[in-house]
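> 3D, please:
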Amino acid sequence: DVCSSDLRAIVETVHHYCGWRPEPSVIDALKSEGCWNNDWHASAELIRRHRARLEDNSAEPVFAELVEVFEAFYFGGDPDGDPSLWRGFIGAEPLLLDGTCFARLTNCGIAWGFVSGAEPPSCRFVLERRLGLADPPLIAMGDAPDKPDPEGLIHLARSEEHTSELQSQFRISYAVFCLK
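Here you go, the predicted structure:
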């Protein structure tokens, strides 16, 4: 469950740039607009709106620098480096299930995989290090269009060579059901 770590990274990134810590309800309201799923963009937009309310004409943060600040809070180390050195919020994310869940699905003949808007290092950290999954099927940030575009989910569901169309449709329905 990345809700608290993502939320904390957004709050701290916004605070870093403008001294304001948005409440979770403010972040939820922004994300409910439907176009702020990317946490970096959401952070930048919260900074922009806060400064506009204050009539602060300061320059907007350089986006690449904002990403680095966010990742410093979220990962607490180099996202492409050794995850055992990460000290950020990602390490405190609660797991909603364990790796045995996927073994049971596999044993029942149910194909599974992951579609996430998170960066690949974040996904691999949780899936491989924390859940102990070996090379799990994954579509992460940059592999497909951002949510709510279903292309990544559809691609993953259809990627199994020996999957019939009916099974593929079932997996899509199952994944959408689980995500809500």
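> in three-state terms, label the one residue sitting closest to the centre of the chain for me.
Centrality entry for the chain: nearest residue to the mean C-alpha point is A118, 2.8 Å, by Cα atoms, centre = their mean. In three-state terms, and counting by DSSP: H, G, I helix; E, B strand; the rest coil, A118 is coil.
> offset the numbering so it begins at 43, please.
Got it, the first residue is 43 from now on, which makes the last one we talked about A160.
> isn't it right up against A182?
Yes: using Cβ atoms under 8 Å, A160 makes contact with A182 at a distance of 6.2 Å. The C-beta positions use only the backbone N, C-alpha and C, and glycine is treated the same way.
> tell me where this structure has strands.
Assigned by DSSP state E, the chain shows strands spanning 156-157, 180-181.
> point out where the chain drops to low pLDDT.
For the chain, the stretches with pLDDT under 70 are 43-44, 202-222.
> kindly recompute the last result at 50.
203-204, 206-208, 211-222 (pLDDT under 50).
> so where do the helices sit in it?
Assigned by DSSP state H, the chain shows helices spanning 45-60, 66-73, 81-95, 105-116, 142-149, 162-166, 193-200, 207-221.
> distance check, the nearest residue to L195 once chain neighbours are set aside against P121.
Take L195 and drop its neighbours on the chain: the residue closest to it by Cβ to Cβ, 6 or more residues apart in numbering is V157, 4.8 Å away. According to Cβ to Cβ, to the nearest Å, V157 and P121 sit 19 Å apart.
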